[in-house]
Structures are given as structure tokens and as C-alpha cells.
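> Pasted the sequence and its predicted model underneath.
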Amino acid sequence: MRNAFQSGNLARSKANRIFRMSIVMKVAVILISCVLMSLQVSAHAAEPASATYAAMMLTPEQANSDVMLMRTALEEAHPGLYRYVPKSEIDAAFDKLEKRVKTPITDVELYGEISLMLATIRCDHTKVEFSDAVTKYRRNIPTHLPFRFKLFDHHMFVFGGDGTQNALRRGTEIMAINGQPVGTVLKRIERAISVDGFTDESRQSKLAADSDLMGSDFDQFYPIFYGFAPQFKLSIVMPGETQEKTVILAAITFREWVKLPWQSTAYRGEFYKSIDWKLVGDKTAILKIDTFVN
């Protein structure tokens, strides 16, 4: 069951951009989709994509219009807006966001600020999606890590690479990314991750894999807080070694990232395709469920 609540066209006659915010409700869950569109995008659609995303500068009026629409939609439609956090704290988070957009802000910066605000609600189903422009860019331009990883107490270990340019063996620890210690990067990014209630420990699993977004939460938020990177300079320690060394790996596209080896065969599994039932005795069986989605 899916009910769509869409704001409609917010463009004024003299505006040069169109913004829309759509709220998608599924059962009793809300997923915020914040879409910022430029009328100039279609005019440049045929041009080659740049190696660096050209962020759109928004006026305070444009950014505030989206923020106010989002606040109204959440306050009127979210079934658990104050379930885990007092109203005073949610109001303070909204007020902080509204104050931030009183000065010029880019679409990328706005995405980051909205994500930080929504994370305060502590609802895993309330998160913001990329704009159409960023989504298109990230599907076609290399910005993702060329390997999958697992985290253990903010330590990053390679799980599976692309099998071509990536010479990192499984179990290699990533110590730093583009000059920043991994722990520092992860702690900055994880503030924007939405979780249910106070299951903060789940942030590390979401950093490594989150089928709600475009890849892992790391791949989703790294370019927001650290910029779009066409390559990654990594400080690593290979399995069985103690000395750090530096490697430079080219980023890959989202389409390529989806094909990287992982513990699940699908990036976004569906319930009816993700059930495995195996009898191991007359009275014993193993039921494996990879996802409860759909």
C-alpha cells in the first residue's frame, strides 16, 4: 500500500528552479524524498558529465521553502515524530535547520543538513533521498569505493573488491581515506544516519550496507561531507602485516558498486525472493530470511 503526498509545483513565475518535496507513506512508515530540480539541468543533459558534481547554489527563499514544507509534512503526517525524542528537541532541531538556510546553501549542503536533522527523530524509515540531479550523477560518474567492507568498532576491513584494479585482499584494514583517519570519517558521517530508537550500534552495519540508499551509508554520505572523490588515497595494512602502505584506487560508479561481491546476492532483496528453507532432520529445519522488505 503506498499513498503519495506531493507538494505540487512550488516554482514562482520569476524563479529559475523548480523544487518539490514528496512524502511517500507505506503502511505506518514515512520516507521523506526531497527533490531539488533545476530548469537548467535539461538544457545541459546532453553534455558530458563533469568529474566533479557542480553543486547548485540555492537562495534562502528556495531552501527555506523546502524546509518549511518538510516540517509541515512531518508534523502533520509522521505517526511517531516524538516517539523517542521530546517535542522540544525536535523543535530545536527544526529551528537550527531553519536558521542555517537563512544564508545561501548548495543542494549538497542542504541534503547534509536535512539528513542531520532527520537523524534526530530516530526513525529508520525517515530519511532524505538525493535530488534527481545528484542521483543521475552518481549512477554514471565514479564516486563509490571500489570495494565492500565490514566495520568492527570503527575499524574498516575489506570484504570484497572489484577483482580488477583492486589489489586489496579480504581482511585488509583501511587506516585512512584521502588523508583522514577512518575513525574520524566514520564518526562524522554516522551522525546523519537514521536509526530506530536508540539502536545506535546499528549505525556501523548501515555504514557498510543500507539498501534504502545508493550503496552503503558510507558511500551515500562521504561525498556530502568530504566532497565527490574520483579516486581514493588509502592508508592500508594488509593481512598478516603490520606496516602501513599507501595505495590509490579509482572510484567506481553505483552501477559497478552494486555488482561487488557481498554476503547477499542482491543489493535490494525482496521478501518473497529472500527466503530459504532447508530440512536438516526429521524434526529440524533451517529458515533463513535475508530481508523483511516488501
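That came through fine.
> Angles on the backbone of the nearest residue to Lys87 once chain neighbours are set aside, please.
Nearest non-adjacent residue to Lys87, counting by Cβ to Cβ, 6 or more residues apart in numbering: Leu81, 7.9 Å away. Where C-beta positions appear, they are placed from N, C-alpha and C, glycine not excepted. When read as degrees, to the nearest 10, the backbone of Leu81 gives phi -60, psi -30.
> Now do the same contact list for Leu81.
Residues near Leu81 by Cβ atoms under 8 Å, 6 or more residues apart in numbering: 74-75, 87, 90, 121.
> And Val237, by the same measure?
Residues in contact with Val237 (Cβ under 8 Å, 6+ apart) are 172-173, 175, 243-245.
> can you map out the strands along this structure?
2-6, 17-26, 29-38, 57-58, 105-106, 147-152, 155-161, 173-177, 180-181, 231-237, 245-250, 275-279, 285-289 (DSSP state E).
> what pairs with the last one, and is each one parallel or antiparallel?
Spelled out, it's strand 285-289. Here strand 285-289 is paired, per DSSP bridges, with strand 275-279 (antiparallel).
> what's next to the strand it pairs with, contact-wise?
Under Cβ under 8 Å, 6+ apart, the answer for strand 275-279 is 285-290.
> Output it in CSV, but only the C-alpha positions, please.
Extracted in CSV, the C-alpha atoms of strand 275-279 (Å, rounded to 0.1, in the frame of the first residue of the first chain):
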residue,chain,number,x,y,z
ILE,A,275,13.6,-17.0,1.9
ASP,A,276,15.5,-20.2,2.2
TRP,A,277,14.1,-23.3,3.9
LYS,A,278,16.2,-26.4,4.4
LEU,A,279,15.4,-29.6,6.3
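> C-alpha coordinates for the longest helix anywhere in the chain, CSV please?
For the chain, the longest helix by residue count, based on DSSP state H, is helix 60-77. The C-alpha trace of helix 60-77 is given here as CSV (Å, rounded to 0.1, in the frame of the first residue of the first chain):
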residue,chain,number,x,y,z
PRO,A,60,17.5,31.4,1.3
GLU,A,61,14.0,31.6,-0.1
GLN,A,62,14.3,28.4,-2.2
ALA,A,63,15.9,26.4,0.6
ASN,A,64,13.6,27.6,3.3
SER,A,65,10.6,26.8,1.1
ASP,A,66,11.6,23.1,1.0
VAL,A,67,12.5,23.0,4.7
MET,A,68,9.2,24.5,5.8
LEU,A,69,7.3,22.1,3.5
MET,A,70,9.2,19.2,5.1
ARG,A,71,8.5,20.4,8.6
THR,A,72,4.8,20.8,7.9
ALA,A,73,4.5,17.3,6.3
LEU,A,74,6.4,15.7,9.2
GLU,A,75,4.4,17.4,11.9
GLU,A,76,1.1,16.6,10.2
ALA,A,77,1.7,13.1,8.9
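> So for it, what gets flagged as buried?
Buried residues in helix 60-77, counted by 16 or more other Cβ atoms under 10 Å: 62-67, 69-71, 73-74.
> Which other helices and strands does that helix contact?
Applying 3 or more Cβ pairs under 8 Å, 6 or more residues apart in numbering; DSSP states H and E, we find helix 60-77 packed against strand 17-26, strand 29-38, helix 87-100, helix 107-119.
> mind redoing it with 7 Å?
Using 3 or more Cβ pairs under 7 Å, 6 or more residues apart in numbering; DSSP states H and E as the contact test, the elements touching helix 60-77 are strand 17-26, strand 29-38, helix 87-100.
> List the buried residues of stretch 185-201.
185-186, 189-190, 192-195.
> Can you lay out these as CSV showing pLDDT and distance to Lys206?
Converted to CSV, these look like this (pLDDT from 0 to 100; distance: Cβ to Cβ, whole Å):
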residue, pLDDT, distance to Lys206
Val185, 97, 15
Leu186, 96, 11
Ile189, 96, 10
Glu190, 95, 8
Ala192, 96, 10
Ile193, 95, 5
Ser194, 94, 9
Val195, 93, 7
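> Of those, which is the nearest to Leu97?
Of all these, Ala192 has the smallest distance to Leu97: 12.6 Å, by Cβ to Cβ.
> about what we covered before: the residue nearest to Lys87 and Thr199, how far apart?
18 Å (Cβ to Cβ, to the nearest Å).
> so Ala55 sits right up against Pro104, yeah?
No. If you go by Cβ atoms under 7 Å, Ala55 and Pro104 don't touch, sitting 11.2 Å apart.
> in the stretch 51-200 of the chain, what spans have low per-residue confidence?
Low-confidence segments of the stretch 51-200 of the chain (pLDDT under 70): 51, 161-167.
> rewinding a little: weed out the non-buried ones from the contacts of Val237.
172-173, 175.
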